[in-house]
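# below: sequence and its predicted model.
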Amino acid sequence: MSWMNIATAARYAGVSRSTVQRWMKEGLKHSRLSSSNVKIHPDDIDAYIRSFETGIDVAAEAKAIMAKIRGGVR
């Protein structure tokens, strides 16, 4: 699935547009192309929602794992 605007992202996640906008303020990854043009990738929505379900910051965990791999730490 490709990048989505806020309205499409809200439908995808089953929430309101204002919820997606709040998520963006709280850390949902997105790209702001202009003041009125925002794009969000569905993988980022999925990861953001999973972080609440598991209590784990998925992005931070992935970054830590990649740092260990790059550094040769086992």
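Noted; the coordinates are in hand. Bear in mind the structure is a predicted one, so any value in this text is a computation, not a measurement.
# quick one: low-confidence parts of this structure?
For the chain, residues meeting the criterion pLDDT under 70 lie at 54-55, 72-74.
# which residues in the protein form strands?
Chain-ordered strands for the chain, with DSSP state E as the definition, fall at 31-34, 37-39.
# tell me the centre residue of the protein?
With distances taken as Cα atoms, centre = their mean, the residue of the chain nearest its centroid is residue 44 (2.8 Å).
# residues contacting it?
With contacts taken as Cβ atoms under 8 Å, 6 or more residues apart in numbering, residue 44 has the following neighbours: 28, 29, 30. C-beta coordinates here come from the backbone N, C-alpha and C atoms, glycine included.
# helices of the protein, residue ranges please.
Using DSSP state H, the helices found in the chain span residues 6-13, 17-26, 42-54, 58-71.
# of all those helices, which one is nearest residue 36?
Between residue 36 and those, the shortest separation by Cβ to Cβ is 9.9 Å, and it involves helix 6-13.
# what's that closest one packed up against?
Based on contacts counted as 3 or more Cβ pairs under 8 Å, 6 or more residues apart in numbering; DSSP states H and E, the elements that helix 6-13 packs against are helix 17-26, helix 42-54.
# appreciated, that's everything.
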